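Asks: Just the structure for this:
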Amino acid sequence: MGAEHAEQVLAIYQLGIDEGNATFETAAPTWEQFDAAKLPAHRSVAVDDTGKVLGWVAAVPVSDRCAYAGVVEHSVYVHPAARGQGIGGVLLRALIASTEAAGIWTIQSGIFPENASSLAVHERAGFRVIGTRERIGRHHGVWRDVVLIERRSPAVE
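Replies: Here you go, the predicted model:
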């Protein structure tokens, strides 16, 4: 994922935001903000034959503390028109491959419980539910729960 994908990546992000069950964010960041926050080695896009971005995945470190050097938090977004085609699974497999190659042992994320399709694609990719963080934050004035998921790498010891 690079600057050539910026407009489409951020548009997909905004579509997810607008649907209301993807994130607490209310607006996509600028490309500069997005690019600075995401780990360069752990982000990918899925594109069709014409170069149109169908979805993206990216990760950020969870902490600066050395004990958590092998733990990242990720986001995965698929364009609404491309859902149901296995794109989310492809993107998660790419993330798993890049993180395991880098010695990262845990990928985690928080998902709104209403986002059943995201929970299902993550389960198929080997993620497990850790628990539900109840009323963790307000979203448009409403308290929302978040399901904490993780995938612990069997390849990284």
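Asks: use CA for all of it now, contacts and neighbours both
Replies: OK.
Asks: For the residue nearest the centre of the chain, give its distance to residue 49.
Replies: Centroid check for the chain by CA atoms, centre = their mean gives residue 75 as the closest residue, at 1.2 Å. Separation of residue 75 from residue 49 (CA to CA, to the nearest Å): 24 Å.
Asks: rewinding a little: any chance of the backbone angles for the residue nearest to the centre of the chain?
Replies: phi -130, psi 140 (degrees, to the nearest 10).
Asks: And the pLDDT at it?
Replies: Listed pLDDT for residue 75 reads 96.
Asks: tell me the contacts of the closest residue to residue 152 other than its chain neighbours?
Replies: In space, and not counting its chain neighbours, residue 152 is closest to residue 106: 4.6 Å by CA to CA, 6 or more residues apart in numbering. Applying CA atoms under 8 Å, 6 or more residues apart in numbering to residue 106 gives the contacts 70, 71, 72, 150, 151, 152, 153.
Asks: Just those: which are in strands?
Replies: Of the contacts of residue 106, the ones assigned to strands by DSSP state E are 71, 72, 150, 151, 152.
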